[in-house]
Each structure stands twice: as C-alpha cells, then as structure tokens.
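A.B. asks: build the 3D model from these lines:
(2 chains)
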Amino acid sequence: MSDPQARTRTPEFTTEVTVHVDGTKHAVRVDNRVTVLDLLRDHLGVTAPKKGCDHGQCGACTVLLDGRRATTCLALAVSHDGADVVTAAGLGTVDALHPVAQAFVDHDGFQCGYCTPGHICSAVGMLDELESGAPSHVSADLDQTAELTAAEIRERMSGNLCRCAAYPNIVAAIASVAGRSDPRKVTP
Amino acid sequence: MIPFEYHRATSVGDAVATLARRPGAMFLAGGTNLVDHLKLGLVAPTLLVDVGHLPLTDVDELPDGTLRIGAEVRNSDLAAHPVVRTRYPVLSRALLSAASGQLRNVATTAGNLLQRTRCAYFQDLTTPCNKRAPGTGCSAIGGYTRYHAILGASEHCAAVHPSDMAVALTALDAQVVFSSLAGEDRLPLSEFYRLPGDRPDLDTTLPPGALITAVDVPPPPQGARSTYRKVRDRASYAFALTSVAAELVVDDGVVHGARIALGGVAHRPWRATRAERALLGAPATEDSFWAAATVELDAASPLAGNEFKVELTRRAIVSTLSDLSEGRRP
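C.D. replies: You can find the predicted model right below:
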C-alpha cells in the first residue's frame, strides 16, 4: 500500500477500546499500532507516565495496569480493552499525596523528575509484590517473605532508570514507606 | 510500523485457525518482545492474533507429579508459585534473574520460550544478519562478540538464546505442549531448540502456525537440590554473559544425579551432557566439578573477542555445583 496513512484510516486497522484511567472511563477508537503509553499521553492527555526509551528498558512509562506495575510502551492499547490504569497522578491528590509520592518529596528522591512518576508507580507495585510474599533475585530464601533491605529495593526497582542518579535517595524514600525508622540505616 | 489488523482469540482452536487463514499473521501474547520488534521494524505482521487473554493461566500438578504450566502464566506468577519455589528453585531463580519487575508481570511462559535473540546485529536493520535476513552474512563473526556463542555456533550465526527460564526448563527436562491444525503434540525442550547450522533464521522446531499451550515439568528426583547462577555485566536487569542451571543429587559424598544447562553461550540452552556423565558416581568435590566442566568446555570454539567466556563458564559451573553440594545459596 503506497499510503500508510490511508490504511490507518480504514476501519480494519483501528479498534474501539475502553479504558479506565485514574478513575475516569474513556472510550476511543485507536489505530491498532497505538501503545497504552501513546493512548494515555497523545489521545487522553494523561501525561504522568513519561516516554523515555519507548523500548521497555527505562521504566519511565510505568503505571499500575490492572493493579500490577507494567511498562506501557510495550503494551498495545487494543490488547488492553477494558483495562484499569492507575498513573502516578491518580495515586493521590496534590493536597494529599500518596505515601510513596510524599516519601520521594521528603527524601529528595529525584532531581529533574522525569523518571519520578514511573518510579513511584513501580515502587507502589513493588511493595504490593513484596507484601504478597514474592521473592526476588537477591532473596536468600525463596520460601520466606523477604525483608526489604536496600539490596532488595535496588533489585526490585532495577527496571526504573534515573539519569540524574538519585538512587540513594530513591532507596531511602522507598525504605521509609516500608516502615523503616531510619532509612539511611537500611541493611546494605 | 505498517498497519495491522487485530483479532482477540476466543479459544486455542480459534487462534490456530485464524492464523492459518492469514499468511503474515502472528500471535501476540504479553508483547514485551514482539511490540519492541514491531517498533524496530524486525517484523511486519498484517494481523495480530491476541492469545494473551486465553485461559491458559493455571499451574497444575498432574496425578503423575508433573507440573503443567499454562502458556499464558506470567513470569512473575510462575517465579512466585509455591510449588515452583519449593520443588524447582532453579526455575524460580532463573525467572527472577531475568528482565525487570514490570516486564515479568507481563511476559508469558510461551512468549519467554519464543523470544528472539538480543544479538545487536539481529536487532539492527542496517547490518547484515543471516537470522533476520538469510543470506546477507553474519556481522557478529568478526564483530563485537561479548554476548555471543562459544558453543555450537556455525559460520552463519553466533547468536545466543536470551532466555533464562528456558535454561532452567532445559535442565529440568521440560516438554513443550502445542496445538496446531494437526492436533495437539509435544516436544522435549532438548529437541525444541536448534543450533544455527545453515538455517539460523529458525530458532526452534515448533511447526509453523502451532500455538504453545503449556509446558510440562516432570517431578525432580528425590533429594535433588537445584539453583541458577547468572553472570552478567550489571547486577540486575541484564542478559547473561553465561549462566548455569544445575540440579544435583548427592548421597554420602557421591554424585548420584546431575542435570546441567548453560545459558548465554549457544544458539539454544546448552544441555551439558558430557559434564553430567562425568559427574555420575564421582565424589562431590570441587576437583570433580572442575573436571566435569572442563570435559564439557573442551567442545567450546569461542570467537575472537569472547574467549574469556570459556573460563567464565567453567568457573560458574564449578561454583554453582560447589554451592549446591555444600548446601550454600549461590
């Protein structure tokens, strides 16, 4: 086909999808090639998730997709018809930040802030995984629920990159939410 | 990316029949590899048949002790499954060593098996690659070979299989169950993956159009210990330079059973059968492990630039087996 744009407008290459984003229902017809990330940002104006690498390597586009953290740049919108999406913006309000978001502020867990919404969603999802008893690569015992050491946080958060390298404060922020009295004394 | 049609499969039969009707159609599951390939221009399907919503998400223990893993079980769910954690630590640890938390939540069991190599030349449309474009040549041979094969490569391809899970499943003698228009069939993983030979474009022996529905893992032998050791350039979220999936049965200081597979070193997960044979009946000592690893790696033919992986792999095998025999966690 000489004109890809013409094909794009034909109905067989588009699909009607419904998604719930931060509590709001949206029904849109999308080109089948559109990712959840592009649906959120370009079609729905939801700009909390960021486009970093667009190849699943940096984690900036992380949201909670049907309750679990996922990179939205590798998810096709058509495959997520009916999905429930929670972005960093939907986790709390400006007046009442989600505890993880508040911890990032309190611990200075960012510099430029571009990766932060992805980090926050990833941390929220990661803490749920930990609570469900899921082990990680660095867990000594697969049968025990791991203690959230700094090593566990770093391993479980390795899918989120921070080019400003705010990692020490990100680890401290997450450790503080997990109930540490002094996050800087987290066991290495 | 060219436009494509989309069909959400309603059943395994519907998925297989829909794909068969449409040349140029591909299955989509988690999408963590395929969507990347769509963006990179490595594939250009005219129709995606979405099998990611099929009810193949159970992990069941069959009456004979086999663990049947549904094709759409997510990597994170499989790694955290109580039976996998207790009975097959090598599988749990292999899964946990791979990708990131976000990707493991999405990536499926079948998709993990069928992911393509991360050879930089394969993923770069501007370079010759026999796997991507047969007959154009291999850019890796004579190129940057740090992440390439030391075992079983051909003059046509030196790519390695990227999966960690598949290495563990190869050591565990798992079988792939699949459906096609011809009905249901199965393949042991040892026959599922192939060496490149003169057809590096083919990763597996899975019949064209077949859909993987499950992976069967037989019960481990009595008294077996298993684990997975991955050596990589970063501590987390990186592909293996080399990896070792190993299961050992030691009684009274003597090796009664050994199953070993290597990752990051060949076009397929490399079952170390020579090392296994050398270990049977041998004392469970570091000397035995060293000798067995050496017997296996005598077959190595590294490329210019990745010779170090032979020694790295030898040491990874020895340390993994030593840890297992002494009950240490690697």
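A.B. asks: those strands in the chain, which residues are they?
C.D. replies: If you meant another chain, say so; for now it's chain A. Assigned by DSSP state E, the strands in chain A fall at A:14-21, A:24-31, A:62-65, A:68-71, A:84-86.
A.B. asks: correction: the question concerned chain B.
C.D. replies: Using DSSP E, strands in chain B cover B:5-8, B:25-28, B:47-50, B:59-61, B:67-70, B:175-180, B:183-188, B:211-217, B:225-231, B:242-251, B:254-263, B:270-271.
A.B. asks: between the ones you listed, which one is closest to A:Ala166.
C.D. replies: Judged by CB to CB, the one of those that comes nearest to A:Ala166 is strand B:225-231, at 27.1 Å. C-beta coordinates here come from the backbone N, C-alpha and C atoms, glycine included.
A.B. asks: B:Ala224 against B:Gly257, yeah?
C.D. replies: Yes: taking contacts as CB atoms under 8 Å, B:Ala224 lies within contact range of B:Gly257: 6.6 Å.
A.B. asks: the more surrounded of these two?
C.D. replies: A direct count of neighbours by other CB atoms under 10 Å in any protein chain shown for B:Ala224 and B:Gly257 places B:Ala224 higher, at 21 against 17.
A.B. asks: so what's the more buried one up against?
C.D. replies: Listed by CB atoms under 8 Å, 6 or more residues apart in numbering or on different chains, the contact partners of B:Ala224 are B:Glu247, B:Leu248, B:Val249, B:Gly257.
A.B. asks: what about the nearest residue to A:Gly90 once chain neighbours are set aside, how many residues nearby?
C.D. replies: The shortest distance from A:Gly90 to any non-neighbouring residue, by CB to CB, 6 or more residues apart in numbering or on different chains, is to A:Asp22 (2.8 Å). A count of neighbours around A:Asp22, defined by other CB under 10 Å, yields 17.
A.B. asks: shaky segments in chain A?
C.D. replies: Within chain A, the ranges that satisfy pLDDT under 70 run A:1-9, A:179-188.
A.B. asks: I'd like the distance between the closest residue to A:His119 other than its chain neighbours and A:Ala175.
C.D. replies: Among residues not flanking A:His119 along the chain, A:Asn160 sits closest, at 4.9 Å (CB to CB, 6+ apart). Per CB to CB, to the nearest Å, A:Asn160 is found 15 Å from A:Ala175.
A.B. asks: and those two? which has more neighbours close in?
C.D. replies: Neighbours per residue, other CB under 10 Å: of A:Asn160 and A:Ala175, the larger number sits with A:Asn160, 28 against 23.
A.B. asks: thought A:Pro117 was touching that one, still the case?
C.D. replies: No: between A:Asn160 and A:Pro117 there is no contact under CB under 8 Å: 10.3 Å.
A.B. asks: and for the two, which residues touch both?
C.D. replies: Joint contacts of A:Asn160 and A:Pro117 (CB under 8 Å, 6+ apart) are A:Ala60, A:Thr62.
A.B. asks: closest point of chain A to chain B, which residue?
C.D. replies: The minimum distance from chain A to chain B, using CB to the nearest CB, falls at A:Gly159 (2.5 Å).
A.B. asks: separation between that residue and A:Val21?
C.D. replies: According to CB to CB, A:Gly159 and A:Val21 sit 22 Å apart.
A.B. asks: kindly report the residues of the stretch 1-150 of chain B close to chain A.
C.D. replies: Selection of the stretch 1-150 of chain B residues close to chain A by CB under 8 Å from any CB of the partner chain yields B:1-6, B:8, B:28, B:31-32, B:35-36, B:38-39, B:48, B:50, B:52-53, B:76, B:79-80, B:85-86, B:89, B:92-93, B:96-97, B:99-103, B:105-106.
A.B. asks: out of the residues you listed, which are inside helices?
C.D. replies: Applying DSSP state H to those, the entries found in helices are B:35-36, B:38-39, B:76, B:79-80, B:85-86, B:89, B:92-93, B:96, B:101-103.
A.B. asks: from those, pick the one nearest B:Leu195.
C.D. replies: Nearest to B:Leu195 among those is B:Asp36, at 25.1 Å by CB to CB.
A.B. asks: just confirm the closest one contacts A:Asp54, I think it does.
C.D. replies: No: if you go by CB under 8 Å, B:Asp36 and A:Asp54 don't touch, sitting 9.1 Å apart.
A.B. asks: give the buried residues for the biggest helix by length in chain A.
C.D. replies: In chain A, taking DSSP H as the definition, the longest helix is helix A:116-131. The neighbour-count check on helix A:116-131 (16 or more other CB atoms under 10 Å in any protein chain shown) flags A:116-127, A:129-130 as buried.
A.B. asks: and it, what other elements does it pack with?
C.D. replies: Where contact means 3 or more CB pairs under 8 Å, 6 or more residues apart in numbering or on different chains; DSSP states H and E, helix A:116-131 is packed against strand A:62-65, strand A:68-71, helix A:99-106, helix A:150-156, helix A:167-177, helix B:101-104.
A.B. asks: ok, for the residue sitting nearest the centre point of chain A, nearest residue in space, not its chain neighbours?
C.D. replies: Nearest to the geometric centre of chain A sits A:Thr62, at 2.3 Å (CA atoms, centre = their mean). Distances taken as CB to CB, 6+ apart place A:Gly118 nearest to A:Thr62, at 4.0 Å, with adjacent residues excluded.
A.B. asks: any idea how far B:Trp270 is from chain A?
C.D. replies: Using CB to the nearest CB, to the nearest Å, we find B:Trp270 at a distance of 22 Å from chain A.
A.B. asks: test my guess that that residue contacts B:Leu151.
C.D. replies: Yes: using CB under 8 Å, B:Trp270 makes contact with B:Leu151 at a distance of 5.4 Å.
A.B. asks: who has more neighbours out of those two?
C.D. replies: B:Trp270 (27 against 22).
A.B. asks: if we can go back for a sec, just the closest of the contacts of B:Ala224 to chain A, please.
C.D. replies: Of these, the one sitting nearest to chain A (CB to the nearest CB) turns out to be B:Glu247, at 14.8 Å.
A.B. asks: contacting residues around that closest one?
C.D. replies: By CB under 8 Å, 6+ apart, B:Glu247 lies in contact with B:90, B:171-172, B:220-221, B:224-226, B:257-260, B:324.
A.B. asks: so who does residue 138 touch?
C.D. replies: Using chain A here. With contact taken as CB under 8 Å, 6+ apart, A:Val138 is in contact with A:Ala151, A:Glu152, A:Glu155.
A.B. asks: could you do chain B instead?
C.D. replies: B:Tyr121, B:Pro128, B:Cys129, B:Asn130, B:Glu155, B:His156, B:Cys157, B:Ala158, B:Pro200.
A.B. asks: can you lay out these as JSON lines showing neighbour count and pLDDT?
C.D. replies: Output for the contacts of B:Cys138, formatted as JSON lines (neighbours: other CB atoms under 10 Å in any protein chain shown; pLDDT from 0 to 100):
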{"residue": "B:Tyr121", "neighbour count": "25", "pLDDT": "98"}
{"residue": "B:Pro128", "neighbour count": "15", "pLDDT": "98"}
{"residue": "B:Cys129", "neighbour count": "25", "pLDDT": "98"}
{"residue": "B:Asn130", "neighbour count": "26", "pLDDT": "98"}
{"residue": "B:Glu155", "neighbour count": "12", "pLDDT": "98"}
{"residue": "B:His156", "neighbour count": "18", "pLDDT": "98"}
{"residue": "B:Cys157", "neighbour count": "29", "pLDDT": "98"}
{"residue": "B:Ala158", "neighbour count": "32", "pLDDT": "98"}
{"residue": "B:Pro200", "neighbour count": "25", "pLDDT": "98"}
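A.B. asks: on that earlier part again, isn't the residue of chain A closest to chain B up against B:Val106?
C.D. replies: No: if you go by CB under 8 Å, A:Gly159 and B:Val106 don't touch, sitting 11.1 Å apart.
A.B. asks: which neighbours do these two share?
C.D. replies: Counting by CB under 8 Å, 6+ apart, the residues touching both A:Gly159 and B:Val106 are A:Thr71.
A.B. asks: so for the residue of the stretch 151-300 of chain B found nearest chain A, what's the nearest residue that isn't a sequence neighbour?
C.D. replies: Going by CB to the nearest CB, chain A is nearest to B:Ser236 of the stretch 151-300 of chain B, at 3.7 Å. Among residues not flanking B:Ser236 along the chain, A:Ser158 sits closest, at 3.7 Å (CB to CB, 6+ apart).
A.B. asks: no further questions, thank you.
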